[in-house]
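# Kindly generate the corresponding structure for this input.
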Amino acid sequence: MRATVIAVLILFASSLSAEPVSQKAKERRYQNLHDLAYLQIPLANFGTEDLKKQYDEIKEKYEVALAFYLEDNFLEGYRGFVEVQTGLEKLYEDLSLVYIDRTQEILRATTTRVVDIELQYHPGSQKIVDMLKAREAPHEGTLYSPEEYHLVYDKHPIVKNLDRGYEFLGQSKRVRQEAMDLEKWLEEGKEIDPSMRKRRIDAYKASIESCRSAKKSAIQVFRLLNRNDIYSVQVDHADNYYAKYEDARLAPVLDPRIPDEYKIDASDVLNRDHAEEVRTKLNNENIKKGEKTENKTNS
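Next up, the predicted model:
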């Protein structure tokens, strides 16, 4: 009788302990899945071969952990998901730095142009004097290029977007550094627990999103600087279905105002795979010949 009671108590205790492990495994599974899915576009656009290799290895570990989980071996599944989370944390940390470096590059490219605009179009500059003189005495001929006149009223939003871009970049750097510094608060010899790893992954993700916001501002600077280039779209892509969208919806791969080397950043800001955008919207590889003919006829 006593042995039976002990056996029942053991079974009862094991059932109590199994429930929280299954719940923790379930939560960790969906966190892993969400974090893996998020990385697909950033890695497609800016992932190095090493980072992509890391991702593939982490994905394989996730598959193994998932198999244990689906077998109801929640303890092994949970251990596997924690290992996946550890790998994801490092991958997010490395990728966020790639984004910061890339964002600095595009902002510096716009800064050079903006400084020139500020110097040439500040009140009292020769450019402004010539524009005013041309208006007062048009018989003398135009003393400035009409194509550049938009910079007089675009200068303010150009500078504002540049300022906003650097603000987001600074925010990205701070968030990333704060995530890395979390480890300093651990007691000596104590390992990082899953909850802290989640906080760090979320912080690195926020850093990437801040970089995207910074690049969005930089892209807008290019669009304003090269405002007049928009008129070449219908000439360069006359038969392209996607080029018929209005200005605000024009795909970055078709936007002539954005320098070619930064079109990938503009696609990434929209969370789009740039290579896929080129394939489908620039090269029209997703449209059959019959559909191309029909679109051309209807245009």
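
# Please compute how far the host helix or strand of Lys59 lies from its chain's middle.
Lys59 is part of helix 49-70, with elements assigned from DSSP states H and E. Relative to its chain's centre, helix 49-70 lies at 22 Å (CA atoms, centre = their mean, to the nearest Å).

# Could you pull out the buried residues of that helix?
By neighbour count, and taking 16 or more other CB atoms under 10 Å as the criterion, the buried residues in helix 49-70 are 51, 54-55, 58, 61-62, 65-66, 68-69. All C-beta atoms are positioned from the backbone trio N, CA, C, and that covers glycine.

# Show me what it packs onto, helices and strands only.
helix 2-38, helix 40-46, helix 74-120 (3 or more CB pairs under 8 Å, 6 or more residues apart in numbering; DSSP states H and E).

# so it versus helix 74-120, what angle?
Per axes from the mean of the first three to the mean of the last three CA atoms, to 10 degrees, the angle that helix 49-70 makes with helix 74-120 is 150 degrees.

# what is the rounded mean pLDDT of helix 49-70?
Taken as a whole, helix 49-70 has a mean pLDDT of 97.

# Contacts for that helix next, please.
Contacts with helix 49-70, where a contact means CB atoms under 8 Å, 6 or more residues apart in numbering, come from 25-26, 29, 32-33, 36, 39, 43, 47, 74, 76-81, 83-84, 87-88, 90-91, 94-95, 98.

# change it to 6 Å
Contacts of helix 49-70 from elsewhere in the structure, counted by CB atoms under 6 Å, 6 or more residues apart in numbering, are 25, 29, 32, 43, 76-77, 80-81, 83-84, 87, 91.

# again with stretch 160-178
Applying CB under 6 Å, 6+ apart, the set of residues contacting stretch 160-178 from outside is 96, 100, 103, 107, 110, 114, 203, 206-207, 210-211, 213-214, 217-218, 220-221.

# give me the low-pLDDT residue ranges for the stretch 51-200 of the chain?
Filtered on pLDDT under 70, the stretch 51-200 of the chain yields the residue ranges 123-150, 152-153, 187-189.

# how does it look with 80?
Per-residue confidence for the stretch 51-200 of the chain (pLDDT under 80) gives these ranges: 118-154, 184-191.

# Give the buried subset of the contacts of helix 49-70 as a ChimeraX selection command.
Buried residues within those, by 16+ other CB under 10 Å, are selected in ChimeraX with:
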select :25,29,32,43,77,80,81,83,84,87,91
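
# Just send the contacts of helix 49-70 back as CSV, with distance to Arg272 too.
As requested, the contacts of helix 49-70 are exported to CSV (distance: CB to CB, whole Å):
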residue, distance to Arg272
Ala25, 33
Arg29, 27
Asn32, 24
Leu43, 13
Glu76, 38
Gly77, 34
Gly80, 32
Phe81, 29
Glu83, 31
Val84, 26
Gly87, 26
Leu91, 21
